[in-house]
Structures are given as C-alpha cells and as structure tokens.
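Colleague: have a look; sequence and predicted model below, questions after that.
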Amino acid sequence: MNNNGGNDDEDLNLSLSTTTPQWSTSFRISTRHQRPNLRRSRSRPNQTAAAAAGAGAIPPPYPWATSRRAAVHDLCHLQANGISMIAGNVQCKRCERTYEVEFDLHEKFRAVASYVVRNREEMRHRAPAAWMNPTLPDCRFCGQGNCVKPVLTKKKSINWLFLFLGELIGCCKLAELKYFCKHTKNHRTGAKDRVLYLTYLEICRQLDPIGPYDP
C-alpha cells in the first residue's frame with residue numbers, strides 16, 4: 001500500500017529506543033462485614049478448573065508472542081531479544097506445497113503502520129479492500145501467482161504477527177477475528193471489515209504502545 005498523505009509520517013513515533021512501560025495493578029479491599037455464603041456451589045470442580053485454565057495464561061506459541069492470548073511483544077522487547085525476522089508457514093493452493101516464509105519485522109511494520117497513520121480517517125473504522133481480500137504471495141515452487149495462503153492453526157496458536165506483517169489477516173475467518181478482539185478487549189460485533197480494522201490497529205498498539213493508533 002503506497003498511498004501518500006502529506007507529512008503524516010512525522011506522527012509515527014516508533015518506540016524502538018523506549019523501555020517497555022511498567023504496569024501496576026491495584027486492589028480495592030472492602031471492609032464491610034459480609035455474611036458467609038454457606039450454600040454449596042453448583043459448579044462441578046472439573047468445570048470450574050477448565051474455565052479457570054481457559055481464561056489463564058498459555059505457553060507462548062512463538063518467540064514473539066506473549067503468554068496472553070492474541071498478544072505479541074512490543075518492538076523494544078523483540079529488538080532486545082534479537083528478533084528481527086518473523087516466520088510463518090504458508091501453503092500453495094495449486095501445488096499444495098507447504099513451506100516457511102519470513103518477513104523483516106521493522107521494514108514490514110513501518111510499512112503497515114505508516115499506511116494506518118496516513119489513511120486512518122479515510123478508512124472510517126473499516127478495513128480497506130486490500131486488507132479484506134489480500135493479494136497472496138506467489139508460489140516459490142510452481143510459480144503460480146497470488147496463490148500462497150497462510151496456514152492457520154487453532155485460534156490460540158494463530159501467528160498474528162506474521163499475518164500482520166504480510167497484511168494477510170484478511171485470510172482469517174470472522175470467528176477467528178472475533179476471538180482476537182475478545183481477548184484484546186476490543187469491540188467484536190459487526191461486519192468483518194470492522195473487526196479486521198480493529199485487529200490491525202490493536203497489533204500496531206501492541207508493537208508500538210506510544211504510537212498514534214487510536215481507532
């Protein structure tokens with residue numbers, strides 16, 4: 001995407017040299033006396049444990065992913081850990097060969113982030129056609145053009161950063177995008193173009209927390 005929009009690139013403040021902000025959690029303790037609840041819970045122990053496990057941390061599926069669902073590390077963390085190339089598996093729709101593709105983290109992020117900053121107002125909270133129906137890479141084996149799609153796994157293991165850098169998130173189904181928005185506390189109702197737009201902006205914010213990526 002190569003739309004030009006004045007000097008909007010000046011607003012793009014990448015946090016490559018900024019330390020990750022420290023987050024703190026405060027707890028409110030009630031001093032009001034409460035009567036103990038003597039009634040036995042109707043929840044089965046195995047159901048309660050399963051619910052707690054589903055809402056908790058997961059093993060990071062990739063070196064650039066965190067233990068939170070649908071979350072990636074910011075650029076400072078990735079740079080500090082020597083992560084500059086992001087890999088993902090793709091499959092040709094014609095010859096069905098599966099292989100790995102790599103994207104340059106900083107080059108691709110700058111391209112996507114610059115596009116967001118330049119065109120955010122024109123998009124009007126909707127993903128553009130190029131995101132909705134992304135142009136696929138050519139197959140390196142059979143040479144067929146626009147035919148290599150990303151290999152999508154279980155929802156909790158989707159390679160979100162790889163899809164973001166390749167501008168391939170539009171290959172996800174609506175249910176997968178809603179899963180992402182659910183776990184990143186974004187609005188997840190509405191048409192696919194709306195949810196897809198929020199997904200791109202959320203990953204921009206995860207990578208560059210101080211950047212100009214408000215919806």
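Modeller: Structure received.

Colleague: which residues of the protein score low on pLDDT?
Modeller: Low-confidence segments of the chain, defined by pLDDT under 70: 1-55.

Colleague: all strands of this protein, in order?
Modeller: Along the chain, counting by DSSP state E, strands occupy 85-92, 98-104, 148-150.

Colleague: test my guess that Arg140 contacts Thr98.
Modeller: No. Taking contacts as CB atoms under 8 Å, Arg140 lies outside contact range of Thr98: 11.5 Å. C-beta: built from backbone N, CA, C; applies to glycine.

Colleague: quick check: Thr189 vs Glu202, distance?
Modeller: 16 Å (CB to CB, to the nearest Å).

Colleague: looking at these two, which has the bigger crowd around it?
Modeller: Comparing Thr189 with Glu202 by other CB atoms under 10 Å, the one with more neighbours is Glu202, at 22 against 8.

Colleague: roughly how far apart are the more buried one and Cys181?
Modeller: Distance, Glu202 to Cys181, by CB to CB: 8 Å.

Colleague: who's in contact with Lys182?
Modeller: Neighbour list for Lys182: Arg188 [criterion: CB atoms under 8 Å, 6 or more residues apart in numbering].

Colleague: give me that answer again for 10 Å
Modeller: 69-70, 155, 188 (CB atoms under 10 Å, 6 or more residues apart in numbering).

Colleague: hmm, who's touching stretch 135-147?
Modeller: With CB under 10 Å, 6+ apart as the test, stretch 135-147 has contacts from 90-99, 101, 134, 148-150, 166-168, 171.

Colleague: buried among the residues you listed? Make that a PyMOL selection.
Modeller: The PyMOL selection below is limited to those of the contacts of stretch 135-147 classed as buried (16 or more other CB atoms under 10 Å):
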select buried, resi 90+91+92+101+134+148+150+166+167+168+171
